[in-house]
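can't give you the sequence, but here's the structure:
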């Protein structure tokens, strides 16, 4: 009888352990937003947020299941319960807070134009009159141009892309004259590809807290307080134990941690 009881206890422990190990959090993300999310030549999902997301899942003791999609599909996928969270450099702003909840701020993301140097293009809207600016569909950059600089009054044409890869190609080919994006992503493209064509970050970062928010965070479904709290704790851990700084250093010569965490 003793052996039977011991066997039952061991079996229960193994079952409990397996159940815990199998807890999965489906995280929606991108596959074309280097250096935060991209696929390497072998097809593996890589990037700064992927690395840190894996670490956060370890701290949460869950398995990350990455689900890639277009940026503008992330919030609808959350609402439809196709994913549990979104980690894709999504800025926290009042408009998005109407439909999803966010973790604590994870990174800061200045916004800036990328264009060819010495062309006179800057953050001054007048310098873009008669020109076409590329943006990613569903992004805060698209919202900014639509809301603050509509074509009818600004003279600025906007071209919307599902991903920035095609926007960069059109910029190089002269089909558009600038791209409005997070300066981190712009700098990554310039460093890898754009600099040889004379492309630079132009002007100053564009400031508009109402649209751009205070930084990026992990989005979860409205009312999912439990998952939000778990991500809050995991973010606090990677920011506080040096993990964020170590990964940040691999990608940028400056910190994109929230100000309080620097």
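Structure's in. What do you need? Nothing here was measured: the structure is a model prediction, and the numbers come from that model.

okay, now the domains of this structure?
The record's domain parsing of the chain by automatic domain parsing lists 19-108+214-261, 111-211.

in CSV: those domains, plus mean neighbour count.
All C-beta spots, glycine's among them, are computed from the backbone N, C-alpha and C. CSV is the format used below for the domains of the chain (neighbours: other C-beta atoms under 10 Å):
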stretch, mean neighbour count
domain 19-108+214-261, 18
domain 111-211, 18
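
export these to a markdown table and tack on mean pLDDT?
Converted to a markdown table, the domains of the chain look like this (pLDDT from 0 to 100):
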| stretch | mean pLDDT |
| --- | --- |
| domain 19-108+214-261 | 95 |
| domain 111-211 | 97 |
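
surely residue 79 and residue 221 touch.
Yes. Between residue 79 and residue 221 a contact is recorded at 6.9 Å, counting by C-beta atoms under 8 Å.

so what sits against both of these two?
Counting by C-beta atoms under 8 Å, 6 or more residues apart in numbering, the shared contacts of residue 79 and residue 221 are residue 100.

which residues touch residue 33?
47, 71, 88, 89, 163, 164, 185.

so it bridges to which residues?
Residue 33 forms beta bridges with residue 37, as assigned by DSSP bridges.

state the distance from it to residue 157.
Computed with C-beta to C-beta, to the nearest Å, the distance linking residue 33 and residue 157 is 23 Å.

just residue 227 next, same as before
For residue 227 relative to residue 157 (C-beta to C-beta), the value is 40 Å.

could you do residue 96 as well?
Distance of residue 96 to residue 157, computed by C-beta to C-beta: 26 Å.

what do you get for residue 62?
Residue 62 sits 45 Å away from residue 157, going by C-beta to C-beta.

please, which helix or strand holds residue 82?
Under the criterion DSSP states H and E, no helix or strand holds residue 82.

what sits against the most centrally placed residue in the chain?
Nearest to the mean C-alpha position of the chain, by C-alpha atoms, centre = their mean, lies residue 89 at 1.6 Å. With contacts defined as C-beta under 8 Å, 6+ apart, residue 89 is in contact with 33, 36, 49, 107, 109, 182, 185, 216.

helix, strand, or coil at the fifth one?
The local conformation at residue 109, judged by DSSP: H, G, I helix; E, B strand; the rest coil, is coil.

shouldn't it be in contact with residue 258?
No. Residue 109 is not in contact with residue 258 according to C-beta under 8 Å; the separation is 10.7 Å.

and the strands in the stretch 51-200 of the chain?
Remark: strands assigned in the stretch 51-200 of the chain by DSSP state E, counting those that start in this stretch are 63-68, 85-91, 100-102, 111-116, 132-136, 157-161, 178-182, 199-202.
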